[in-house]
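Enquirer: Sharing a sequence plus its predicted fold:
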Amino acid sequence: MHAIVTAGGIPQPGEPLYEFTLGKSKALLDIAGKPMVQWVLDALSAASTVEGVVFMGLSPEAGLTCSKPMTFIPNQGEMLANVLNGIKKVLELVPQASHALIVSSDIPAITPESVDWVVNTALKTDDDIYYNVISRDVMEKRFPGSRRSFIRLKEVEVCGGDMNVVRTLTATGRDDLWKRIIDSRKSALKQASLLGFDLLFLLMLHQITIEQAERKVSRRIGLKGKVLRCPYAEVGMDVDKPHQLEIMRVDLAKRVRS
């Protein structure tokens, strides 16, 4: 499977990481001696399930390396445009590609094992989109103090992961839907308009299981979705705030020393 790495984000004045980036790419933040996204590329390089990488948002001049064939595409301005153009490039490179792995540049702690788990688990079924969630106990055991946002379901509290699998043909044919999904990620009102207030109400009352939510959302948006209970906290440990950056610098410095 080809991986699409999204690295177009540039923090703006007033945003939490601006003082660390000062107008430069977030993906190039130094973590334990190398750019944050290089840690991501190192994991993809060593993952047996990754055949190649489409890199969205930076150029070869950034000096990033990967042992798999890597194609660079300039930043398209928005997350949706970066993802869709990345998928189109995957289909140019591998016309028969049925799915692609979407990987954020700000999850530097991922490992080859976690990448392979996500891909291999997705390939067990034939769905349109696979969304990883990590339970609170898994996340807080691995990264205490991460202060991730959790959704409380009937049987578990979960946060979202930033490495997911999508069917290529589904992604290229539903621009309006993907824009709504991406825009709604951090807004309860937008999520409600997308999923329906009945589902949001059930979530707020903690009266719905993962499997029930999966079925309801799939029907609502017209896609076959699959929620993966990921055992790897690293997939959900993104760097959005200064305290998360510090956690990653300490954690990956230990990895370097070991």
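Expert: Sure, I can see it. Numbering: from 1, shown residues only.
Enquirer: Point out where the protein drops to low pLDDT.
Expert: 171-205, 221 (pLDDT under 70).
Enquirer: redo that, cut-off 90
Expert: For the chain, applying pLDDT under 90 flags the ranges 8-11, 23, 75-84, 128-129, 131, 133, 148-160, 169-227, 258.
Enquirer: how about the residue positioned nearest the centre of it, what does it touch?
Expert: Geometric centre of the chain, nearest residue: Asp162, 2.0 Å, by Cα atoms, centre = their mean. Going by Cβ atoms under 8 Å, 6 or more residues apart in numbering, Asp162 touches 103-104, 106-107, 235-236, 238. (Each C-beta comes from the backbone N, C-alpha and C, glycine too.)
Enquirer: is it true that Leu245 touches Leu29?
Expert: Yes. Judged on Cβ atoms under 8 Å, Leu245 makes contact with Leu29 at a distance of 6.7 Å.
Enquirer: Helix or strand: which one has the closest residue in space to Lys226 that isn't next to it in sequence?
Expert: Leaving aside its chain neighbours, Lys226 sits nearest to Asp127 (4.2 Å; criterion: Cβ to Cβ, 6 or more residues apart in numbering). Secondary structure from DSSP states H and E places Asp127 outside every helix and strand.
Enquirer: And the closest residue to the residue nearest to the centre of the chain other than its chain neighbours, how close does it get to Lys24?
Expert: In this structure, Asp162 finds its nearest non-sequential neighbour in Ser104, 3.9 Å apart by Cβ to Cβ, 6+ apart. As judged by Cβ to Cβ, to the nearest Å, Ser104 and Lys24 stand 17 Å apart.
Enquirer: quick one: common contacting residues for Leu245 and Leu29?
Expert: 17, 20, 239.
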